[in-house]
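Peer 1: quick one, fold the following:
(one chain, ligands or ions: 2)
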Amino acid sequence: MGALFLFLFLKENQSSGCREWFDPGTGFILDTSQGLKFHVMIKVQKFVFNPFQENSFLLYDETGDCILVDMGSYTVEEKKEVLYFIDNNRLNPVKIVNTHCHVDHLLGNSFFKNKFKAQVAAHAADEFMLASSVEHGSIFGFEVEAPPEIDEYLEEGKPFFFGSSTLEILHVPGHSPGSTALYSMKDNFVISGDVLFSGSIGRTDLPGGDYDTLIRSIREKLMVLPPDTVVYCGHGPETTIGEESRTNPFLSS
Ligand SMILES: [Zn+2]
Ligand SMILES: [Zn+2]
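Peer 2: Ligands and ions are numbered 1, 2, ... in the order given. As a prediction, this is how the structure comes out:
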């Protein structure tokens, strides 16, 4: 533990009055107020990939384990960008996760599965889309490698683990039947996939989509989260639950 302190800065937290050691290398915080204890924090790295400007996320914690969420990396450069980040931060990809199985969200699945032998996780209700994703991709001009099968089914109520972190799975159908959101109450964020966007909502004209189901999912599963929860959307900028509750035109009535 002694050597560890060489790399940590003491930081007084003005609001809580607690003393924290901050490691500038990792951004992780060591809380000394109740003895030596790590505040485990999930860090979120966002990439914007492919012609759909899809948001891909890499989540990691202090163990170095990471998960690749909706990896839509298509070109060699986009794949290299992720590999560079993984290398640079000495991360170990353990799972590939899909909030849903639309082709723009899984263009990198095959590449990263082959590279890291990571488990693929998605909701069973979206599994039917995997079989058609090569054909679907070609409609949009993508050359899609057949995506790997699902190894771990995401289910609401079943905790999702990686490193020393746990995410809560919310089933939010409507954009697709198996859409899920990944929620961390502790770290105050939710990854919403294509369910909720800043000022908008997901489209419902694709196979398995349904407008009323989508609105119900958003209201019952997302709008009940704390207002300051950061929403990482499948496309476009981040927002918060409170901001969408106040201003999203699709949720106004
Ligand atoms: Zn989608
Ligand atoms: Zn999308």
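Peer 1: tell me the buried residues in the helix ranked longest in the chain?
Peer 2: Using DSSP state H to define each element, the chain has its longest helix at helix 76-88. Using 16 or more other Cβ atoms under 10 Å as the test for burial, helix 76-88 gives E78, K79, V82, L83, I86. The way it works is simple: take the backbone N, C-alpha and C, and place the C-beta from them, glycine included.
Peer 1: for stretch 165-181, same thing?
Peer 2: Residues of stretch 165-181 classed as buried by neighbour count (16+ other Cβ under 10 Å): 165, 167-181.
Peer 1: gap between the two ends of that stretch?
Peer 2: With Cα to Cα, to the nearest Å as the measure, the ends of stretch 165-181 fall 16 Å from one another.
Peer 1: that stretch near ligand 2 anywhere?
Peer 2: No: residues of stretch 165-181 are not located near ligand 2 by Cβ under 5 Å from the ion, the shortest gap being 8.4 Å.
Peer 1: from the chain's centroid, how far away is that stretch?
Peer 2: 11 Å (Cα atoms, centre = their mean, to the nearest Å).
Peer 1: same question for stretch 121-136.
Peer 2: That offset, for stretch 121-136, works out to 18 Å (Cα atoms, centre = their mean).
Peer 1: check stretch 239-249 too.
Peer 2: Distance of stretch 239-249 from the chain centroid (Cα atoms, centre = their mean) equals 19 Å.
Peer 1: I'd like the average pLDDT over it.
Peer 2: Mean per-residue pLDDT for stretch 239-249: 98.
Peer 1: also stretch 208-216?
Peer 2: Mean pLDDT, computed over stretch 208-216, is 97.
Peer 1: count of residues packed around the residue of the stretch 1-150 of the chain found nearest ligand 1?
Peer 2: Using Cβ to the ion, H102 is the residue of the stretch 1-150 of the chain that sits closest to ligand 1, at 3.5 Å. Burial of H102, expressed as a neighbour count using other Cβ atoms under 10 Å, amounts to 26.
Peer 1: surely it meets S176?
Peer 2: Yes: contact status for H102 versus S176: in contact at 6.5 Å, counting by Cβ atoms under 8 Å.
Peer 1: now do the shared contacts for the two.
Peer 2: Residues touching both H102 and S176 (Cβ atoms under 8 Å, 6 or more residues apart in numbering) are M129, D194, L206.
Peer 1: among those, which one has the most neighbours?
Peer 2: Going by other Cβ under 10 Å, D194 tops the shared contacts of H102 and S176 with 28 neighbours.
Peer 1: now do the same for it: its pLDDT.
Peer 2: Reported pLDDT at D194 in the predicted model: 98.
Peer 1: that one: what's it in contact with?
Peer 2: So D194 contacts T99, H100, H102, H105, H175, S176, S179, G202, R203, C233, G234, H235 (Cβ under 8 Å, 6+ apart).
Peer 1: could you do H100 as well?
Peer 2: A122, H123, D126, H175, S176, G178, S179, T180, G193, D194.
Peer 1: helices - which of those land there?
Peer 2: Reading helices off the contacts of H100, I find no matches (DSSP H).
Peer 1: and which of those residues is nearest F52?
Peer 2: Nearest to F52 out of those is D194 (Cβ to Cβ; 10.0 Å).
Peer 1: if I look at that closest one, how far off is I150?
Peer 2: 18 Å (Cβ to Cβ, to the nearest Å).
Peer 1: thinking again about what came up before, now the shared contacts of H102 and S176 in CSV, with distance to ligand 2?
Peer 2: CSV is the format used below for the shared contacts of H102 and S176 (distance: Cβ to the ion, whole Å):
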residue, distance to ligand 2
M129, 12
D194, 4
L206, 10
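Peer 1: next helix or strand past whatever helix or strand I215 lives in?
Peer 2: Using DSSP states H and E, I215 maps to helix 211-217. Next in sequence after helix 211-217, counting helices and strands by DSSP H and E, comes strand 230-233.
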